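Asker: Sharing a sequence plus its predicted fold:
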Amino acid sequence: MQGNKDGCKEWPIEGEATLSWHGKPLDYMPFVYKHPDYWKVIEQETKGTGNMLCSRKLFDSSEKAYNLTEREMIKVENICGKLCLIGADDEYIRRIDERLKKTHHKCDYEVLVYKYGTHFVFPETLIKLLVPGFSKFVMKFIFKSAKEHADECRQTRINIDLKLRKVMREWNNM
């Protein structure tokens, strides 16, 4: 939930999924942090990382405390078509890759994991469309990695651009 509750801007609702499909809540992993600790963790981590848009500690701590079952897993093996898994040193992408290697699936997929990037790894052309003229400034302001490794993160975005264009051309020619 978002708003203002006891000085917190966001908090989990006990027993409620954050995502639904066709109006039905999806199975989910509950957060280990409750109100107001949930918001305190976000505040603490974003101050330390400079990343204003995410807090990995929320997910990592919750995953350690909760025994994930098959019900909570996304059935990526049911995806038909082309799938591109893109991230910056992302354990979740590696988990999806392992799942696809172990299960029968009909999708053609590629894994693009980069050493440098940001929480949201977008192609360079998309960043320029979203924030024309200010993309370098905005990326450095929002993401610590973009501030500390600006050239490497930009090269990651350019590389993603090139690879996605190639994938789209191949998909279009099928």
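Answerer: Good, I have the coordinates.

Asker: switch to C-alpha atoms for all contacts and neighbour counts from now on
Answerer: Fine.

Asker: For residue 5, give me phi and psi.
Answerer: Dihedral pair for residue 5: phi -130, psi 110, per degrees, to the nearest 10.

Asker: which residues pair with it across the strands?
Answerer: Residues in a beta bridge with residue 5, per DSSP bridges, are residue 8.

Asker: I'd like to know how many residues surround it.
Answerer: For residue 5, the count of nearby residues is 12 (other CA atoms under 10 Å).

Asker: Could you do residue 40 as well?
Answerer: Neighbours of residue 40 (other CA under 10 Å): 17.

Asker: what does residue 35 give?
Answerer: Counted with other CA under 10 Å, the neighbours of residue 35 add up to 15.

Asker: With residue 28 instead?
Answerer: Residue 28 has 16 nearby residues by other CA under 10 Å.

Asker: On the pLDDT front, check it for me.
Answerer: We note a pLDDT of 84 for residue 28 in this prediction.

Asker: Could you report the neighbour count for the closest residue to residue 106 other than its chain neighbours?
Answerer: By the measure of CA to CA, 6 or more residues apart in numbering, the closest residue to residue 106 outside its immediate chain neighbours is residue 80, 5.4 Å from it. By the criterion of other CA under 10 Å, residue 80 has 12 neighbours.

Asker: For residue 80, give me phi and psi.
Answerer: Dihedral angles of residue 80 (phi, psi; degrees, to the nearest 10) stand at phi -110, psi 140.

Asker: now it: how far from residue 27?
Answerer: Residue 80 sits 22 Å away from residue 27, going by CA to CA, to the nearest Å.

Asker: Same question for residue 113.
Answerer: When distance is defined by CA to CA, residue 113 is 27 Å away from residue 27.

Asker: Rank the helices and strands of the protein by mean pLDDT and give me the bottom one.
Answerer: Least confident helix or strand, the chain: helix 135-142 with a mean of 69, by mean pLDDT, DSSP states H and E.

Asker: what element comes up after it heading to the C-terminus?
Answerer: Heading C-terminal from helix 135-142, the first helix or strand you meet, by DSSP states H and E, is helix 144-148.

Asker: so what does that next one touch, helix or strand wise?
Answerer: Contact partners of helix 144-148 among helices and strands, from 3 or more CA pairs under 8 Å, 6 or more residues apart in numbering; DSSP states H and E: helix 135-142, helix 150-172.
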